[in-house]
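Chemist: prediction below, plus the sequence it came from.
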Amino acid sequence: MSPRRLLAAAVLALGAGVAAAAPELPVTLRGAFEQGAVVLGKADPAAKVTLDGRRLLLTAKGDFVFGFDRDAGPDAVLGVTLPGRAEVVKHYTVRKRDWQIQRIEGLPPRLVNPPPETEQRIADEAVLIKAAHERDTAIDDFVQPFVWPAKGRVSGIFGSQRILNGEPKQAHYGVDVAVPIGTPVHAPEGGIIALAEPDLYFTGGTIIVDHGHGLSSVVVHLSKLLVKPGDRVQRGQVIALSGMTGRATGPHVHWGVYWFGAHVDAQRLVTPKP
Ligand SMILES: [Zn+2]
């Protein structure tokens, strides 16, 4: 064997040795470790599972979920402890994605830079929204496949960097489906209504559905709400009528998905086109 081949064989053997030395995590995972992704996992229901130190709820069948923010990364650490065993830890790289740049011109200036007198209102509303996203509810709806809240042309995608009237602003954290005002809006997944507000400053008529374990959907710019906080809804149930309330430039449904405070890509949870 040539010295070069010998070296290659030695490196391979070393690689195999390292892999054998690192114990595999006693879980199964479905989903990509990349920005905006949701990962579904399954473990022994008695296991303790953590992501970056955060303890994850497990269903009676051992299902759990986590997600990666649009700007997450580059590292993630998953830990699993089986009863009576030492914790097994695995390090992952969260893959970076490229985001579109979306320019919108001609917006009324008050919508690009809210007037100072609306500051308190916006801050109060942010508290309500954050509380709804931070719920960690022991229901297992999140395990089921999702459905689109409405059918129509996709007019905006997740992650775009928005430049409004020439000013760089917050990224777009949902997927927009263009539909006429008054179109029925369906719950993308079953759950409990965590928030139902007819008139928030940015998002107008707004509903947040808690799907369990920190995963929630928000649908916004609604013209009519058909549910109230605490209601139990089924996947596909009509929960509202669409509109263009709040900061909307045209009639559409904006659907966003969150894992606690992390913005994840709703479109990745359903068939590519509504
Ligand atoms: Zn949108």
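Modeler: That came through, no problem. Given the structure is predicted, the values throughout are model-derived calculations rather than measurements.

Chemist: so who does the residue of the stretch 51-200 of the chain found nearest the ion touch?
Modeler: Residue of the stretch 51-200 of the chain nearest the ion, by CB to the ion: residue 176 (4.1 Å). C-beta coordinates here come from the backbone N, C-alpha and C atoms, glycine included. Neighbouring residues of residue 176 by CB atoms under 8 Å, 6 or more residues apart in numbering: 154-157, 252-255.

Chemist: what helix or strand is it located in?
Modeler: Counting by DSSP states H and E, the element that carries residue 176 is strand 175-178.

Chemist: what is the rounded mean pLDDT of that strand?
Modeler: Here strand 175-178 scores 96 as its mean pLDDT.

Chemist: and what of stretch 141-148?
Modeler: Per-residue pLDDT values across stretch 141-148 average out to 97.

Chemist: give me the sheet partners of the strand holding residue 176 and which way each runs.
Modeler: Each strand pairing with strand 175-178, determined using DSSP bridges, is listed with its direction: strand 153-156 (antiparallel), strand 252-259 (antiparallel).

Chemist: where does it sit relative to the chain's centre, distance-wise?
Modeler: 16 Å (CA atoms, centre = their mean, to the nearest Å).

Chemist: quick check: residue 114 is in a strand.
Modeler: No: inclusion of residue 114 in a strand is not indicated when DSSP: H, G, I helix; E, B strand; the rest coil is applied; the result is coil.

Chemist: which ones are touching it?
Modeler: Each residue near residue 114 by CB under 8 Å, 6+ apart is listed here: 122, 201.

Chemist: so in terms of bridging, what pairs with the residue lying closest to residue 231 once chain neighbours are set aside?
Modeler: The spatial neighbour of residue 231 that comes closest, neighbours along the chain excluded (CB to CB, 6 or more residues apart in numbering), is residue 193 at 4.5 Å. Taking DSSP bridges as the rule, residue 193 bridges to residue 209.

Chemist: residue 65 contacts residue 259, correct?
Modeler: Yes: because the distance of 6.9 Å satisfies CB atoms under 8 Å, residue 65 is recorded as touching residue 259.

Chemist: before we move on, the earlier item: most packed of the strands paired with strand 175-178?
Modeler: Ranked by average neighbour count under the criterion mean count of other CB atoms under 10 Å, those are headed by strand 252-259 at a mean of 26.

Chemist: what's across from whatever residue of the chain ends up closest to the ion in the sheet?
Modeler: Minimum separation of the chain from the ion (CB to the ion) falls at residue 254, amounting to 3.3 Å. Per DSSP bridges, residues listed as beta-bridge partners of residue 254: residue 176, residue 220.

Chemist: now the strands paired with strand 175-178 in a markdown table, with mean pLDDT?
Modeler: Formatted as a markdown table, the strands paired with strand 175-178 follow (pLDDT from 0 to 100):
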| stretch | mean pLDDT |
| --- | --- |
| strand 153-156 | 94 |
| strand 252-259 | 98 |
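
Chemist: would CSV of these with distance to residue 244 be doable?
Modeler: What follows is these, written out as CSV (distance: least, CB to CB, whole Å):
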stretch, distance to residue 244
strand 153-156, 12
strand 252-259, 7
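
Chemist: relative to residue 87, which of those strands is closest?
Modeler: With CB to CB, the closest approach to residue 87 among the strands paired with strand 175-178 belongs to strand 252-259: 22.2 Å.

Chemist: and the stretch 101-250 of the chain, which residues reach the ion?
Modeler: Residues of the stretch 101-250 of the chain lying close to the ion (CB under 5 Å from the ion) are 156, 174, 176.

Chemist: how near is the last one to residue 29?
Modeler: From residue 176 across to residue 29, the span is 30 Å (CB to CB, to the nearest Å).

Chemist: re earlier: what's the farthest-apart pair in the contacts of residue 176?
Modeler: Within the contacts of residue 176, 157 and 253 form the most distant pair, 13.7 Å apart (CB to CB).

Chemist: returning to that earlier point: need the overlap of contacts for residue 65 and residue 259.
Modeler: Contact with both residue 65 and residue 259 is made by residues 38, 214-215, according to CB under 8 Å, 6+ apart.

Chemist: most neighbours, which of these?
Modeler: For the shared contacts of residue 65 and residue 259, the largest number of neighbours (other CB atoms under 10 Å) sits with residue 215, at 30 neighbours.
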